[in-house]
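1. sequence first, predicted model second:
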Amino acid sequence: MAGLTELTEERTAAGDEAVKDYKIAARNIGRIFHIKRAGEERREFKAIENMNLNVMKGEFVTIVGPSGCGKSTFLDILAGLSEPSGGEIFIDGRRVTGPALDRGIVLQGYALFPWRTVRQNIEYGLEIKKVKKHERRAISGRFIKLVDLKGFEDSFPHELSGGMKQRVAIARALAYDPEVLLMDEPFAAVDAQTRETLQDELLNIWEKTGKTIIFITHSIEEAVFLADRVAVMSTNPGTIKALVRVDLPRPRRMGNVRNSLDFSRITGAVWNLLHDHEGGEKRDGQRPWPIQGYNEAEKRNADSAAQ
């Protein structure tokens, strides 16, 4: 039934589920930072602990959580930019040991080369893969059209708006055909109207390409609108305390979804989960969702939980 949410606890024991059955499988991921300040002894800071997540091929998963809970730390480990202190991550059954071209990354700050044009920025990953020039041009042309930047091929980043820069970053990440797209608050720096447009465009791109996407955001509405499932993280040390299934019909467009009862119900459920650690404050008369132990292998939908 559209709009129902499902609280899903995943099994985490080693060997409990074959990692090859999932596009992404994170097993008991932990990350410890060692901090030393003047006049103090060195101490450990646990950013994330016992973090587990299974993602199917072609699934769109968003991650929300309190500031500083380790969302970006987890994404860095998944990207291969940082090593976990414990646990392992697998993509297609292969353990992640560092950066690779099977993962594309889109960040909040665009990270475009200012001396390169739109086309040249999009072709950067293709150059690394040593794709021939005429093939690069054909591929970049296709993605320029996909992100609606036709006519801006020879423009430089300083000549583009924030939304256009982010479109270039998305096209660059997709052009070399990664299996997984990792996105860390990519729309946080743009205005509300542009953000909504980019959300619609991202879903359109995802529907056409079928990529597996992990998307970090602080916006509950954005998380629910985009996702098949929303992973809700706890405060430090961060871990995934619940997964909320989003059963809104697709294709989705924000203008059609925002005011629906189902959308409000699901965003309310995620809000309650995020605020449960603060005493279970109610929103819109809803009953707070209970925190479930991550190893309980328990399922519950929103309607039953609210009764």
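-> Structure's in. What do you need?
2. centre of the chain to stretch 83-96, how far?
-> Chain-centre distance of stretch 83-96: 17 Å, with C-alpha atoms, centre = their mean, to the nearest Å.
3. pLDDT on that stretch, on average?
-> Averaging pLDDT along stretch 83-96 gives 94.
4. start the count at 231 instead of 1 going forward.
-> Noted, 231 is the first residue going forward, which turns the last one into stretch 313-326.
5. buried residues in that stretch, which are they?
-> Pro314, Ser315, Gly317, Glu318, Ile319, Phe320, Ile321, Val326 (16 or more other C-beta atoms under 10 Å). Every residue, glycine included, has its C-beta placed from N, CA and C.
6. now, the most widely separated pair of those residues?
-> Ser315 and Ile321 (19.7 Å; C-beta to C-beta).
7. excluding chain neighbours, give the residue nearest to Leu311 in space.
-> Pro329 (6.2 Å; C-beta to C-beta, 6 or more residues apart in numbering).
8. which residue lies nearest the spatial centre of this structure?
-> In the chain, the residue lying closest to the centroid (C-alpha atoms, centre = their mean) is Phe445, at 1.4 Å.
9. so which elements touch the helix or strand that residue falls within?
-> Phe445 belongs to strand 442-446 when assigned by DSSP states H and E. Packing partners of strand 442-446 (3 or more C-beta pairs under 8 Å, 6 or more residues apart in numbering; DSSP states H and E): strand 290-294, helix 301-309, strand 410-414.
10. the inter-axis angle of it versus strand 410-414?
-> 10 degrees (axes from the mean of the first three to the mean of the last three C-alpha atoms, to 10 degrees).
11. contact partners for the residue nearest to Leu311?
-> Pro329 is in contact with Ala309, Gly310, Leu311, counting by C-beta atoms under 8 Å, 6 or more residues apart in numbering.
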